[in-house]
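[1] model the following, please.
(one chain, ligands or ions: 2)
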Amino acid sequence: MLTLAKSTLRAPRDYSACSGCNLCLLVCPVWRRTHDFSMTPHGRAKALQFGADASDIAASVQSCTLCAACEPVCPEEIPLVAMTLDLRRQLPRPAAMADLLAAMEKPGSPSAAMAVPSATVLLPGTALRDRPSTLARVRALLQESGAAAIGADDGADIALALEAGAAIPQRRLDRFLRPLHGVKKIVVADGLLLRHMQPLLPGSKIIGVGEALSGLAAVRSALRANDLYVIEARAYHADYQRLVRYYDSLRAAAGCAFNLDLQRIAIPATARSLPQRLGLDAIDDGVQLRWILQGRKVTRIVVESMEDRAAFQGVSALPVVHLADLADDGTSSV
Ligand code: SF4
Ligand code: SF4
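    Ligands and ions are numbered 1, 2, ... in the order given. Prediction:
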């Protein structure tokens, strides 16, 4: 068994380093929704510093959305996402995970290498696969810079297991990674999966769907000054130092509003706890989404993530358009 979040074993800092500065509260969607100090990184750190263990703070550990917005703001450089996953690993596994992990233990059919070698492979995830017209556009856009294929195995089960901090069986991991060895560019829709893949495939450029599409001239030229551009928070914070510069340049070129705060932290739109992602609790993104929209004079919302698209459509009368659908001026988004 291999734990993908291996970096936690080498973590240079942990909760004992928390100074209690509270900066993480400013960006945390769980704090915004609950105003419950115990549900924040600072709250978890203080509890652990005073002798609590994972089971004492289980509700707090499971409530984290893994958006990673707190990591770049933490002056103590505590790897807060990895710390949360470590704590989840110490808790009893949710019953909803049992079937998933049992299936991952089975041999399965070996993944062949790509039949046609591709410069780019897209791992779309469930939400993008559920909208075939947008998925086809994403692939067509990626195709413009060379052969692009959609990965038959996009690791959706691995992404879900990662949410629970579960160890991924080595056999399953090998089956997932084998066809990706040697691929130059891998475009990953799930930001948590992307974060964990980067150290496992050091020879590949691994980027999010948002970065891949917004780098294309056809997509950039379709952005308007009165758009609100919603960055997918998990992929962004997974590579924050590099992507701050990337999105600075996109902002300058497009001239539209972004879901960035003054420190250029991406305010997460869809903020989901582990029970919500497992379908055990109702989803309540409303507070977060209305906060992002508050006081903005925009006429269209452009999203990188299909989950964000569905969420904004639930709270706003504005057109909500996925980046890939900008190519046809958003008419396909309705
Ligand atoms: S990862 Fe997101 S939800 Fe979790 S503690 Fe950090 S800011 Fe809050
Ligand atoms: S930002 Fe870091 S140091 Fe400050 S309270 Fe949060 S976890 Fe602690």
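[2] quick check on Ser145: phi, psi?
    Main-chain dihedrals, Ser145, degrees, to the nearest 10: phi -110, psi 20.
[3] not including adjacent chain positions, what is the nearest residue to Ala271?
    Pro29 (3.4 Å; C-beta to C-beta, 6 or more residues apart in numbering). In short, each C-beta sits where N, CA and C put it, glycine included.
[4] just Asp285 next, same as before
    Computed as C-beta to C-beta, 6+ apart, the closest residue to Asp285 that is not its neighbour in sequence is Ala311, at 4.7 Å.
[5] the one you found: neighbour count?
    For Ala311, the count of nearby residues is 23 (other C-beta atoms under 10 Å).
[6] you'd agree it is up against Pro268?
    No: under the criterion of C-beta atoms under 8 Å, Ala311 makes no contact with Pro268, lying 10.4 Å away.
[7] contacts for the helix ranked longest in the chain, please.
    Across the chain, the longest stretch assigned as helix under DSSP state H is helix 240-254. Applying C-beta atoms under 8 Å, 6 or more residues apart in numbering, the contact partners of helix 240-254 are 68, 71-72, 211, 214, 220, 223, 225, 227, 229, 231, 235-236, 258, 260, 264.
[8] before we move on, back to that, state whether the residue nearest to Asp285 is indeed within a helix.
    Yes: judged by DSSP: H, G, I helix; E, B strand; the rest coil, Ala311 forms part of a helix.
[9] coming back round to it: tell me which helix or strand comes right after the longest helix of the chain.
    Where DSSP states H and E defines the elements, the next helix or strand beyond helix 240-254 is strand 257-258.
[10] ok, residues contacting that following strand?
    Asp227, Leu228, Tyr229, Val230, Ile231, Tyr247, Arg251, Ala266, Arg296, Val298.
[11] if you set the cut-off to 10 Å instead, what comes out?
    With contacts defined as C-beta atoms under 10 Å, 6 or more residues apart in numbering, strand 257-258 is touched by 225-231, 247-248, 250-251, 264, 266-267, 292, 296-298, 301-302.
[12] got the domain ranges for this protein?
    According to automatic domain parsing, the chain is divided into the following domains: 7-89, 120-213, 217-333.
[13] strands along this protein, start to end?
    Applying DSSP state E to the chain gives strands spanning 120-123, 148-150, 185-188, 205-208, 227-230, 257-258, 300-303, 320-322.
[14] of all the ones you listed, which lies closest to Leu135?
    Closest approach to Leu135 among the strands of the chain is made by strand 148-150 (7.2 Å; C-beta to C-beta).
[15] what residues are shared contacts of Ala311 and Pro268?
    Residues touching both Ala311 and Pro268 (C-beta under 10 Å, 6+ apart): Val230, Asp285, Gln288.
[16] top of the residues you listed by neighbour count?
    Counting neighbours by other C-beta under 10 Å, Val230 comes out on top of the shared contacts of Ala311 and Pro268 with 28 neighbours.
[17] give me the beta-bridge partners of that one?
    According to DSSP bridges, the partner residues bridging Val230 are Val303.
[18] re earlier: could I get the strands of the chain as a markdown table with mean pLDDT and distance to ligand 2?
    Shown next, in a markdown table, are those (pLDDT from 0 to 100; distance: least, C-beta to the nearest ligand atom, whole Å):
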| stretch | mean pLDDT | distance to ligand 2 |
| --- | --- | --- |
| strand 120-123 | 94 | 31 |
| strand 148-150 | 88 | 39 |
| strand 185-188 | 96 | 27 |
| strand 205-208 | 96 | 24 |
| strand 227-230 | 98 | 24 |
| strand 257-258 | 97 | 22 |
| strand 300-303 | 98 | 28 |
| strand 320-322 | 96 | 32 |
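[19] adding distance to ligand 1, write these out as CSV.
    Shown next, in CSV, are the strands of the chain (distance: least, C-beta to the nearest ligand atom, whole Å):
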stretch, distance to ligand 1
strand 120-123, 22
strand 148-150, 29
strand 185-188, 18
strand 205-208, 17
strand 227-230, 16
strand 257-258, 18
strand 300-303, 19
strand 320-322, 23
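[20] format those strands as TSV; extra columns: distance to Asp130.
    Formatted as TSV, the strands of the chain follow (distance: least, C-beta to C-beta, whole Å):
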stretch	distance to Asp130
strand 120-123	15
strand 148-150	14
strand 185-188	17
strand 205-208	18
strand 227-230	19
strand 257-258	26
strand 300-303	15
strand 320-322	12
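[21] how about the residues of this protein near ligand 1?
    Within the chain, the positions near ligand 1 by C-beta under 6 Å from any ligand atom are 27-30, 41, 64-70, 80-81.
[22] among the residues you listed, which are in reach of ligand 2?
    Pro41.
[23] quick one, which of the residues of the chain next to ligand 1 are buried?
    27-30, 41, 64-70, 80-81 (16 or more other C-beta atoms under 10 Å).
[24] inside helices: which ones of these?
    Per DSSP H, those map to helices at Val27, Pro29, Val30, Pro41, Cys70, Leu80, Val81.
[25] which of the contacts of strand 257-258 count as buried?
    227-231, 247, 250, 264, 266-267, 292, 298, 301-302.
[26] want to throw these into CSV with distance to Ser316?
    Below are these laid out as CSV (distance: C-beta to C-beta, whole Å):
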residue, distance to Ser316
Asp227, 13
Leu228, 9
Tyr229, 14
Val230, 11
Ile231, 17
Tyr247, 22
Leu250, 22
Arg264, 23
Ala266, 18
Ile267, 15
Ile292, 10
Val298, 10
Ile301, 6
Val302, 12
